[in-house]
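Asks: sequence and computational prediction follow.
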Amino acid sequence: MATTTPDIQRNRRAKSASRPGDRIFSGLSRGSGITLLVIMAAIAGFLTYRAILAISKDSTSFFTTFEWNPAGNPPVFGIAVLAFGTIVSSVIAMLIAVPVAIGIALFISHYAPRKLAKPLAYVVDLLAAVPSIIYGLWGAIFLVPYLDGLNQWLDEYMGWTYIFDKSGEGVARNLFTVGILLAIMILPIITNVTREVFLQAPKMHEEAALALGATRWEVIRMSVLPFGRSGIISASMLGLGRALGETMAVAVVLSPSFLISGHLLDPGGGTFAQNIAAKFNEANEFGRDALIASGLVLFVITLLVNGAARWIIGRRKEYSGAAA
Amino acid sequence: MKLSRKNGLRASAIGALVVSGALVLSACGSDNNTETPAKDGGTAKTSAASNIDCAGAKGKLLAAGSSAQRNAMDLWVKNFQAACEGVEINYQGIGSGGGITKFNQGQVAFAGSDSALKDEEVAESQKICTGGGKGVNLPMVGGPIAVAYKLDGVDNLILDASTIAKIFDNKITKWNDPAITKLNPGAKLPDSAIQAFHRSDESGTTQNLGKYLSTAAPADWKHDPKSKSWPAQGGQAANGSSGVATAVKDVEGSISYMELSYAEANKSSTVSIATGAAAPVAATTENASKAIAAAKVKGTGNDVALSLDYKTKADGAYPIVLVTYEIACDKGNKAETLPTLKAFLNYTVSEEGQKVLSDAGYAPLPAEIAAKVRAIVPTLS
């Protein structure tokens, strides 16, 4: 007996470890993980290599130049305008999309009758399935003319805020319009993730709050929103990632120029991805390197945003679904 | 839980139904759409395909470059493939810069470009063109760049190089500016702002307008004439030829520049240019050919790079033109694609090939230049 027990255990262990399914699956999943790391490292390496080629020949400061002419003699290019435009348009998009998305998610998860909630959730999913070039065409052909009126109204009544002061003529092909368009585009991703989180809010908490005589709004404020806070943040970061990198829709709608202006309603500005899309086709070898250098900056910004999101979520672990 | 899952299934089934229904509908729609142009194209093809000399053309020919000549290429490729069996020509309109890069890497048999090769690009091409050959520029397609505008009640706007430069440089901002009224006596010009649009993407069209403005109005246009992206500050921008064309169509008081075919497709009014000729010159393919005829050949040997005369005062010569080239090796082309390359370029520069251009909004090459290119193509090796 005493001698056989370890044998059986050893046999069992060896047997379970040697099942082909196990080995194949663990190999596959490990392989996937390694592949991902290799791909990311390759992208980062490629971007850095080409960016160094470009920046080493840049005659002005890469970070403060308000011009993009890598084909010129000497080559002049800088990312100041692109960084500004990318961040401003994304912030506008977040300011609009996050509150609306939370509202939709709460409505679907807690307010709407089930008959309405399901179709509504599907419609939101459909929004995510529309290709970005379609959003761009819709924005340029439909949204821009209709926003002219809103722009004039904002200029007239909100012009004192400086940012809504429209200094000249021009249709609404500006960063503000881009922000609105981006808001619509990132709405579904934020809505879906927050909705899932809200649905997972512990029923016990909600029922306890109800038992204490809380109204529905108080239930949401006391039990659902605190529970979902980290979910809201990570959903917003996912949305922000998409807004930062959106290319075609911005390229079609925006009227870019290499100027930084706080007047959001004036046509002008630019974003990283839009600039790359617009210039890549006709650029020569060096121009492409310069564009790739700007891509590297966007890559780093996106990494920072994701890192910040992880950090915030990590700090608020006590609220997350995993801990509950 | 169970209940909700059931509902989910049902809802997803409905969703699938809706989506597949939409697919079926859209499939019908696209069928209808493609049918009509195919008919038109079909008749054009049979008439044009008659006299094409295939001369050993076979297999696949890859080419890439300028998007400005893509419509012409599409037309030529269609006709050529219809006439010569077993030939497949693939021209990718990825832009002149990309086309030249691919050519110099040996990935394509020829490149299309809006501007002639630079010295360093010629030097690079010598690696690909074996046996002492180099890349040569063969002008193939010309085109007028129209200055299109939208202004109610003004049909025949006349401008000169200096006013155009000032408008696009935001020095003239009102339609009733004295400089414009002087050129248009009798026209009812409104006291409204000019909304000047330019291309937001890099483009040979922008570059050629810049070359024209800096040559014909050097005092008023001091920006880099070689820049493919918009060199001036201010103004508004839109993406691609179709983007600026739509802007001009939609926005009252707007003005922009584009290939003539885009202005015609949107029925936009185009500016006639006061060049100093007897009468202002309208933007037509015929007038563009006259201006290209005034160009000097600056290339030597087999290179036919042109130096356009933007200051031409010849009667009926429309000065804002762009010439796009095909770039191939004069010696040392790849043996397997050489016969196809020669046969195809032979066709594109032939009278028949040039004739189809004006229907697509391009200007045929003037006789003298076409004759030069016709003599060179058969000597390619």
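Replies: That came through fine. Numbering: from 1, shown residues only, chains lettered A, B, ... in the order given.

Asks: return the helix or strand in chain B with minimum mean pLDDT.
Replies: When each helix and strand of chain B is scored by mean pLDDT, DSSP states H and E, helix B:2-48 comes last, with a mean of 42.

Asks: can you list the residues of the stretch 51-200 of chain A near chain B?
Replies: A:68-69, A:71-72, A:114, A:118-119, A:122, A:140-141, A:145, A:168-171, A:173 (Cβ under 8 Å from any Cβ of the partner chain). For the C-beta atoms, the positions are set from N, CA and C on the backbone; glycine is no exception.

Asks: quick revisit: and the next helix or strand past the least confident helix or strand of chain B?
Replies: strand B:59-65 (DSSP states H and E).

Asks: other SSEs contacting that next one?
Replies: strand B:87-92, helix B:96-104, strand B:110-113, helix B:338-349 (3 or more Cβ pairs under 8 Å, 6 or more residues apart in numbering or on different chains; DSSP states H and E).

Asks: tell me which of these lies nearest to chain A.
Replies: helix B:96-104 (4.7 Å; Cβ to the nearest Cβ).

Asks: just the buried positions in that closest one, please.
Replies: For helix B:96-104, the neighbour count (16 or more other Cβ atoms under 10 Å in any protein chain shown) marks B:96-104 as buried.

Asks: picking that back up, among the helices and strands packed on strand B:59-65, which gets the worst mean confidence?
Replies: Among those, helix B:96-104 has the lowest mean pLDDT, at a mean of 88.

Asks: check which helix or strand covers residue B:132.
Replies: Going by DSSP H and E, residue B:132 is not part of any helix or strand.

Asks: what sits against it?
Replies: Residue B:132 makes contact with B:126, B:331-332, according to Cβ atoms under 8 Å, 6 or more residues apart in numbering or on different chains.

Asks: in which helix or strand would I find the spatially most central residue of chain B?
Replies: By Cα atoms, centre = their mean, chain B has its centre lying nearest to residue B:68, at 2.3 Å. Under the criterion DSSP H and E, no helix or strand holds residue B:68.

Asks: so it sits against residue B:204, correct?
Replies: Yes: using Cβ atoms under 8 Å, residue B:68 is in contact with residue B:204, at 5.4 Å.

Asks: common neighbours of those two, please.
Replies: By Cβ under 8 Å, 6+ apart, the residues touching both residue B:68 and residue B:204 are B:114, B:322, B:324.

Asks: residues from chain B in reach of chain A?
Replies: So chain B meets chain A at B:4, B:7-8, B:11, B:15, B:67, B:94-98, B:100-101, B:193, B:195, B:197, B:200-204, B:224, B:226-229, B:231, B:233-239, B:243, B:246-247, B:250-251, B:253 (Cβ under 8 Å from any Cβ).

Asks: can you give the domain ranges for chain B?
Replies: Split into domains by automatic domain parsing, chain B comes to B:21-141+B:330-379, B:144-290.

Asks: so where is chain A shaky, pLDDT-wise?
Replies: A:1-18, A:316-324 (pLDDT under 70).

Asks: same thing but at 80, please
Replies: Low-confidence segments of chain A (pLDDT under 80): A:1-18, A:59, A:71-73, A:167-170, A:281-282, A:284, A:309, A:312-324.

Asks: for chain B, same thing?
Replies: Across chain B (using pLDDT under 80), the flagged ranges come out as B:1-51, B:55-56, B:234.

Asks: biggest strand in it by residues?
Replies: strand B:135-150 (DSSP state E).

Asks: tell me which strands and helices the helix or strand that that strand is followed by is in contact with?
Replies: Note on strand B:135-150: by DSSP H and E, the next helix or strand toward the C-terminus is strand B:158-159. In terms of contacts (3+ Cβ pairs under 8 Å, 6+ apart), strand B:158-159 is packed against helix B:178-183, strand B:272-273.

Asks: give me the contact list for the shortest one.
Replies: Residues from elsewhere that reach strand B:272-273, judged by Cβ under 8 Å, 6+ apart: B:147, B:156-161, B:164, B:280-283, B:318-320.

Asks: re earlier: tell me the contacts of the residue nearest to the centre of chain B?
Replies: Contacts for residue B:68 (Cβ under 8 Å, 6+ apart) come out as B:114, B:141, B:143, B:203-205, B:259, B:322, B:324.

Asks: make JSON lines out of the helices and strands packed on strand B:158-159 and add mean neighbour count.
Replies: Listed next are the helices and strands packed on strand B:158-159 as JSON lines, based on neighbours: other Cβ atoms under 10 Å in any protein chain shown:
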{"stretch": "helix B:178-183", "mean neighbour count": "14"}
{"stretch": "strand B:272-273", "mean neighbour count": "24"}
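
Asks: could you export the ones you listed as JSON lines, including distance to residue A:43?
Replies: Output for the helices and strands packed on strand B:158-159, formatted as JSON lines (distance: least, Cβ to Cβ, whole Å):
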{"stretch": "helix B:178-183", "distance to residue A:43": "52"}
{"stretch": "strand B:272-273", "distance to residue A:43": "49"}
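
Asks: one step back: can I get the longest strand of chain B as CSV, trimmed to CA atoms?
Replies: Provided in CSV are the C-alpha atoms of strand B:135-150 (Å, rounded to 0.1, in the frame of the first residue of the first chain):
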residue,chain,number,x,y,z
GLY,B,135,14.4,55.7,-66.1
VAL,B,136,13.0,58.0,-68.7
ASN,B,137,10.0,60.3,-68.7
LEU,B,138,7.5,59.7,-71.5
PRO,B,139,4.6,62.3,-71.4
MET,B,140,1.4,60.4,-72.0
VAL,B,141,-1.6,62.3,-70.6
GLY,B,142,-2.3,66.0,-70.3
GLY,B,143,-5.0,67.6,-68.4
PRO,B,144,-6.4,71.0,-67.6
ILE,B,145,-6.7,72.0,-64.0
ALA,B,146,-9.9,73.9,-63.7
VAL,B,147,-10.5,76.7,-61.2
ALA,B,148,-14.1,76.0,-60.3
TYR,B,149,-16.4,78.2,-58.3
LYS,B,150,-19.9,78.7,-57.1
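
Asks: gap between the two ends of stretch A:66-73?
Replies: Its first and final residues considered, stretch A:66-73 spans 16 Å by Cα to Cα, to the nearest Å.

Asks: swap in stretch B:181-190?
Replies: For stretch B:181-190, by Cα to Cα, the gap between its terminal residues amounts to 10 Å.

Asks: likewise stretch B:353-367?
Replies: Span of stretch B:353-367 from end to end, Cα to Cα: 13 Å.

Asks: how many neighbours does residue B:275 have?
Replies: 24 (other Cβ atoms under 10 Å in any protein chain shown).

Asks: residue contacts, it?
Replies: B:160-161, B:281, B:311-313, B:317, B:319.

Asks: need the residues you listed in CSV (columns: secondary structure, distance to residue B:82 and neighbour count).
Replies: Conversion of the contacts of residue B:275 to CSV gives the following (DSSP: H, G, I helix; E, B strand; the rest coil; distance: Cβ to Cβ, whole Å; neighbours: other Cβ atoms under 10 Å in any protein chain shown):
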residue, secondary structure, distance to residue B:82, neighbour count
B:160, coil, 45, 20
B:161, helix, 43, 24
B:281, strand, 36, 27
B:311, coil, 42, 14
B:312, coil, 38, 22
B:313, coil, 43, 13
B:317, coil, 35, 21
B:319, coil, 36, 27
